[in-house]
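Q: I need the structure of the sequence given here:
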Amino acid sequence: MVIPSYRVRAHILPLLASIGPEVAHIFVVDDACPEGSGAHVLAGCRDQRVVVLVHEQNQGVGGAVITGYQHAIAAGADVIVKLDGDGQMDPALIPQFVAPILQGRADYVKGNRFHNIEDVRAMPWDRLIGNAALSFMTKLSSGYWNMFDPTNGYTAISAAVLSRLPLHKVRRRYFFESDMLFRLGTLQAYVLDLPMTAVYADEQSGLKIRRVFLDFLGGNIGNFCKRVFYGYFLRGFSIASLELLTGLFFLLFGVVFGVQGWATSIATGRPATTGTVMLAALPVILGVQLLLSFLAFDIGAMPNRAITPLLPPKRATPEPLARLRSETRCGMDIA
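A: The predicted model follows:
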């Protein structure tokens, strides 16, 4: 298990105490926390499974999780669960997150706080609206059209799949969860949404939608372009590739021709002829229809089975964990 720790001093010890025996190793990553949460865990922790890792410089939630992932793989984990340290995620759900992966039905399981209408009503409006907008952008960029709540940090991942991701390329800040979905899509990994209920108390969310919206927008546009290029032109070429190209051509032609005709009509004071209007409208209509057909193909092309059973184990040596455990009861390492 990986728990990034930043400004969660008041919640981290109760969270650790509530984690059940089904978890073999717990990596708490102090991401240069100004509250000293790593030292706080060392002072108050009595759980032999806990290892504290400390970043000398803040790397963001993604950087903290990646550090934990690397140590969990080195420890020989088969499935790695990620929990936030703020107490919003119930550790009692861990068996439900892990089971689909152990059963070979999923490669990545992600919590979804929007499944139950009662939970949606209890969610703060700013989080509700912001997450809905971010969800749509992530659907488009990752290709996982059936998932929701991309910023949900309660996840479980197959170590066999994780070891094949280019973790050095994954974004380190708040875009981490969305970028992980994009990377998983390049492997055709199967992602499963698991309904869950979040607990909102006195904790403060570090994710400010207004502050990160442009970063998310730019990241998702970039990932969408890369996904389309990889999937429809580099790795394969299908009827959907032709639909995308011709649809964009007709749409662009119709819009440009229509704008030029409109500008000419305004400048000369003469209304555009029926032929001119139709010559602009028909390409736009045809382009939109072709793009919708491409979208339908893309939705139908989502991964529908797990790849974990097809992958041989690929693990690093567990020496780093053994070295940490020999240093102290709740080992600490500077990452």
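Q: Select the longest helix from this structure.
A: The longest helix of the chain (DSSP state H) is helix 239-268.
Q: next SSE after the host helix or strand of residue 16?
A: Taking DSSP states H and E as the criterion, residue 16 maps to helix 9-17. Per DSSP H and E, the first helix or strand lying C-terminal to helix 9-17 is strand 26-31.
Q: Output the contacting helices and strands for that next one.
A: For strand 26-31, the contact count by 3 or more CB pairs under 8 Å, 6 or more residues apart in numbering; DSSP states H and E identifies strand 2-5, helix 9-17, helix 37-44, strand 50-55, helix 60-74 as packing neighbours. C-beta here means a position set from N, CA and C on the backbone, and glycine is covered the same way.
Q: Including mean pLDDT, distance to residue 213 and mean neighbour count, could the ones you listed go into JSON lines?
A: Conversion of the helices and strands packed on strand 26-31 to JSON lines gives the following (pLDDT from 0 to 100; distance: least, CB to CB, whole Å; neighbours: other CB atoms under 10 Å):
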{"stretch": "strand 2-5", "mean pLDDT": "95", "distance to residue 213": "22", "mean neighbour count": "28"}
{"stretch": "helix 9-17", "mean pLDDT": "93", "distance to residue 213": "27", "mean neighbour count": "18"}
{"stretch": "helix 37-44", "mean pLDDT": "92", "distance to residue 213": "28", "mean neighbour count": "19"}
{"stretch": "strand 50-55", "mean pLDDT": "95", "distance to residue 213": "26", "mean neighbour count": "23"}
{"stretch": "helix 60-74", "mean pLDDT": "95", "distance to residue 213": "17", "mean neighbour count": "23"}
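Q: and residue 275, which of these is closest to it?
A: With CB to CB as the criterion, residue 275 lies closest to helix 60-74 of the helices and strands packed on strand 26-31, at 55.0 Å.
Q: ok, now how distant is the residue nearest to residue 116 when sequence neighbours are not counted from residue 249?
A: Spatial nearest neighbour of residue 116, excluding adjacent residues (CB to CB, 6 or more residues apart in numbering): residue 195 at 6.1 Å. Using CB to CB, to the nearest Å, we find residue 195 at a distance of 42 Å from residue 249.
Q: Over to residue 276?
A: Taking CB to CB, one finds residue 276 at 19 Å from residue 249.
Q: Neighbour count: these two, which is higher?
A: Taking neighbours as other CB atoms under 10 Å, residue 276 and residue 249 compare with residue 276 leading, 17 against 14.
Q: That one contacts residue 261, doesn't it?
A: Yes - look at residue 276 against residue 261 with CB atoms under 8 Å: they come within range, at 4.9 Å.
Q: where along the chain do the helices fall?
A: Counting by DSSP H, the chain has helices at residues 9-17, 37-44, 60-74, 94-102, 117-122, 125-142, 159-162, 176-186, 209-229, 239-268, 274-300, 319-327.
Q: so what's residue 67 up against?
A: By CB atoms under 8 Å, 6 or more residues apart in numbering, residue 67 lies in contact with 27, 29, 53, 55, 59, 335.
Q: May I see those residues arranged in CSV, with distance to residue 170 as well?
A: Listed next are the contacts of residue 67 as CSV, based on distance: CB to CB, whole Å:
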residue, distance to residue 170
27, 17
29, 15
53, 17
55, 16
59, 12
335, 16
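Q: Alright, calling it a day.
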